[in-house]
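Q: output the structure for:
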Amino acid sequence: MKALRDVFGDTLVSLGSTNPDVVVLDADLANSTKADKFAMAYPARFLQMGIAEQNCVGVAVGLASLGFVPWLSSFTVFFTHRAIDPIRMLVAQTQANVKIGAAYAGLMTGLTGKTHQDVQDLAIMRAMPDMTVLAPADAIEGEAIIRWATEYEGPVFVRLARDASADVFDQEYRFVPGRTISLKEGGDVLLISTGPQSVRCLQAAELLQGQGISAGVLHVPSIKPVNKEEIVKAAEKVKLVVTVEEHSIYGGLGGLVAEILSEASPRRVIRFGIEDRWGESAPNDYLLDAFRMSPARLGERIQKLVA
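A: A predicted model of the protein is given here:
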């Protein structure tokens, strides 16, 4: 088990040793995102851009045009809100080979509070043409996604939680864009989730098993692109589908699943997530419980639905 921000820093250092074109641009948060590991290893390929996210994006596009592979490092909220215009105009519309390491995504942002908590990022980014949107569940998948994104030619947005979650994959794991992954089979209800919330869904499903409820868990690391047929096939095994995400219930994974199933296999879909409210500044366990996203609270909510 390893914090995803440490995975980000360590993987970039490893990539930098074999790919001299990898560069990192940071917006004055390297000690938080752990991009400072790359700065110490390769100071000549690390650009500290200061609190100037829009300019940071522009410089990255210029470097990409010269053949470099730039990784952007900052908090998610500063990319999706402060720097969204240059990301849209300069990165996505030109299909620039820029990688966005969106750190501190979701609720658990280290007591930074509602000003720094971004739970709208998936909705914003998946609606953007030519943008690949990925959200790893654990350290192993995080490293695999960062390595894949570096080799991929085109814009990539990688949603990275601040802290660690339990590992659900082993070293044999290989990331495939669009693929969904069944973490647990179940006959009563299917939980569809993404990022570290998929791990909490798996823990909730195990709790429900003790209550006599068979809950399946489908992990969606690739929000865009996504294999629609796999989601339809998994949903057709149950009567009830519940999407669970550390994100607003509007426009994120829940919206994606509802769109797919309403077109191909209409059925009841319940969306669990952040219900049109701002976050709070508090410890992780408190926030997960308050927003009813912890395994125990999820188990209680699913039990009521199934009953």
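Q: show me where the stretch 201-307 of the chain has strands.
A: Taking DSSP state E, counting those that start in this stretch to define them, one finds strands in the stretch 201-307 of the chain at 215-219, 222-224, 240-248, 268-274.
Q: distance to residue 35 and mean neighbour count added to these, as TSV?
A: Any C-beta I mention is one placed from the backbone N, CA and C, and that applies to glycine too. As requested, the strands of the stretch 201-307 of the chain are exported to TSV (distance: least, C-beta to C-beta, whole Å; neighbours: other C-beta atoms under 10 Å):
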stretch	distance to residue 35	mean neighbour count
strand 215-219	27	26
strand 222-224	23	22
strand 240-248	22	25
strand 268-274	27	20
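Q: need those strands in TSV (columns: mean pLDDT and distance to residue 304).
A: Shown next, in TSV, are the strands of the stretch 201-307 of the chain (pLDDT from 0 to 100; distance: least, C-beta to C-beta, whole Å):
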stretch	mean pLDDT	distance to residue 304
strand 215-219	98	13
strand 222-224	98	28
strand 240-248	97	11
strand 268-274	96	11
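Q: do you know which of the ones you listed lies nearest residue 303?
A: strand 215-219 (9.7 Å; C-beta to C-beta).
Q: if we can go back for a sec, now the strands of the stretch 201-307 of the chain as TSV including distance to residue 48?
A: Formatted as TSV, these follow (distance: least, C-beta to C-beta, whole Å):
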stretch	distance to residue 48
strand 215-219	35
strand 222-224	30
strand 240-248	29
strand 268-274	32
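Q: pLDDT below threshold where in this structure?
A: Low-confidence segments of the chain (pLDDT under 70): none present.
Q: nearest to residue 91, of the strands of the stretch 201-307 of the chain?
A: strand 222-224 (14.6 Å).
Q: list the strands paired with the closest one, with their directions.
A: Paired strands of strand 222-224, with direction, are strand 132-134 (antiparallel) (DSSP bridges).
Q: ok, then the element right after the partner strand?
A: Elements were assigned by DSSP states H and E; along the chain past strand 132-134, the next helix or strand is helix 139-151.
Q: which secondary structure elements does that following helix contact?
A: helix 4-18, strand 99-103, strand 132-134, strand 156-159 (3 or more C-beta pairs under 8 Å, 6 or more residues apart in numbering; DSSP states H and E).
Q: and it with helix 4-18, angle?
A: Using axes from the mean of the first three to the mean of the last three C-alpha atoms, to 10 degrees, the direction of helix 139-151 lies 40 degrees away from that of helix 4-18.
Q: and of the strands of the stretch 201-307 of the chain, who's closest to residue 130?
A: Using C-beta to C-beta, these put strand 222-224 closest to residue 130, at 9.9 Å.
Q: and the closest one, how far out from the chain middle?
A: Using C-alpha atoms, centre = their mean, to the nearest Å, the mean C-alpha position of strand 222-224 is found 9 Å from that of the whole chain.
Q: please apply the same query to stretch 260-276.
A: 19 Å.
Q: can I get the CA coordinates of it in PDB?
A: The C-alpha trace of stretch 260-276 is given here as PDB (Å, rounded to 0.1, in the frame of the first residue of the first chain):
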ATOM      1  CA  ILE A 260     -24.900   3.900 -21.400                       C
ATOM      2  CA  LEU A 261     -27.600   1.800 -19.800                       C
ATOM      3  CA  SER A 262     -30.500   4.000 -20.700                       C
ATOM      4  CA  GLU A 263     -29.500   3.500 -24.400                       C
ATOM      5  CA  ALA A 264     -28.500  -0.100 -24.400                       C
ATOM      6  CA  SER A 265     -30.100  -1.900 -21.400                       C
ATOM      7  CA  PRO A 266     -32.600   0.300 -19.400                       C
ATOM      8  CA  ARG A 267     -32.700  -0.600 -15.700                       C
ATOM      9  CA  ARG A 268     -32.700   1.100 -12.300                       C
ATOM     10  CA  VAL A 269     -29.500   3.000 -11.600                       C
ATOM     11  CA  ILE A 270     -28.900   4.700  -8.200                       C
ATOM     12  CA  ARG A 271     -26.100   7.200  -8.000                       C
ATOM     13  CA  PHE A 272     -24.100   7.600  -4.800                       C
ATOM     14  CA  GLY A 273     -21.700  10.400  -4.600                       C
ATOM     15  CA  ILE A 274     -21.400  14.100  -3.500                       C
ATOM     16  CA  GLU A 275     -25.000  15.400  -3.500                       C
ATOM     17  CA  ASP A 276     -24.700  18.900  -4.700                       C
END
